[in-house]
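1. Below: sequence and its predicted model.
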Amino acid sequence: MEPKTTLDPQFSTPDVKPTPWSAATDALRDAKTYLLTTVRPDGRPHQTTVAGIWMDGVFHFGTGPSERKARNLAAGNHNVLVSVATPAWEGLDVVIEGEAIPVTDLDRLGRLVEAYATKYDDVFGFRLVDGRVQTRGAEDSPLFFEVRVRKAFGFGKGASFSQTRWRFS
């Protein structure tokens with residue numbers, strides 16, 4: 001799905017072009033850590049670092065059912081922010097706004113388990129057993145979510161600067 005792409009000239013170097021969505025998806029695919037922001041039931045934000053997978057055009061993350069982010073989502077507000085940033089004054093920072101939807105499809109869960117094992121050297125020990133994802137040392141099965149992107153921002157830094165917005169229908 002190709003988004004509508006616009007450049008904000010107020011925050012961009014003159015004559016710079018909008019960053020292509022493919023550059024943003026590369027950053028989302030290649031990052032190892034992400035910042036996830038959820039909304040508490042009382043409306044306050046909650047932000048935490050997560051490991052994640054960019055697969056099939058959406059961002060995925062896992063969490064224990066008793067963790068704050070899972071409890072926030074269970075309370076009914078599925079709006080989230082996911083961001084990935086470079087620590088240097090060069091590169092591309094990306095922020096996506098979207099809706100976190102539970103992943104329940106067994107095929108997709110199996111692919112996520114494999115993707116996590118590959119990307120993170122199996123540090124989480126996720127396994128799909130009898131239709132449930134299990135991980136070593138945890139009593140409860142982790143929950144997995146996909147973030148359906150509604151809008152995203154890319155902040156290009158370096159010799160030139162750009163602020164690109166991508167909107168999805």
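-> Alright, I've got the coordinates.

2. what's the next secondary structure element after the single longest helix found in the chain?
-> In terms of residue count, the longest helix belonging to the chain (DSSP state H) is helix 106-119. As assigned by DSSP states H and E, the chain's next helix or strand after helix 106-119 is strand 127-129.

3. can you pull the buried residues of that next one?
-> Buried residues in strand 127-129, counted by 16 or more other CB atoms under 10 Å: residue 128. Glycine gets a C-beta too; all of them are placed from N, C-alpha and C.

4. list the buried ones in the helix or strand immediately after it in the chain?
-> Going down the chain from strand 127-129, the next helix or strand is strand 132-134, by DSSP H and E. Across strand 132-134, burial judged by 16+ other CB under 10 Å covers 133-134.

5. Likewise for stretch 56-76?
-> By 16+ other CB under 10 Å, the buried positions in stretch 56-76 come out as 58-63, 67, 69-70, 72-73.

6. Columns distance to residue 151 on top of those, output as TSV?
-> Shown next, in TSV, are those (distance: CB to CB, whole Å):
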residue	distance to residue 151
58	14
59	13
60	19
61	18
62	24
63	23
67	26
69	20
70	24
72	20
73	19
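
7. what's the closest of those to residue 13?
-> Set against residue 13, the nearest of the buried residues of stretch 56-76 by CB to CB is residue 59 (28.2 Å).

8. Is that closest one in a helix, a strand, or coil?
-> Classification of residue 59 by DSSP: H, G, I helix; E, B strand; the rest coil places it in strand.

9. Residues in contact with stretch 39-58: which ones?
-> By CB atoms under 8 Å, 6 or more residues apart in numbering, the residues outside stretch 39-58 that reach it are 1, 25, 28-29, 31-38, 59-63, 68-69, 72, 75, 77, 79-80, 82, 108, 111-112, 115-116, 119-120, 124, 146-149.

10. Flag every buried residue along it.
-> Neighbour counts using 16+ other CB under 10 Å place 39, 50-54, 58 of stretch 39-58 among the buried residues.

11. Show the subsequent helix or strand relative to the longest strand seen in the chain.
-> Longest among the strand segments of the chain by residue count, using DSSP state E, is strand 143-157. Later in the chain than strand 143-157, the nearest helix or strand by DSSP H and E is strand 162-167.

12. just checking, what packs against that following strand?
-> strand 4-7, helix 21-30, strand 143-157 (3 or more CB pairs under 8 Å, 6 or more residues apart in numbering; DSSP states H and E).

13. Of these, which is nearest residue 89?
-> Residue 89 sits nearest to strand 143-157 of all the helices and strands packed on strand 162-167, at 5.6 Å, using CB to CB.
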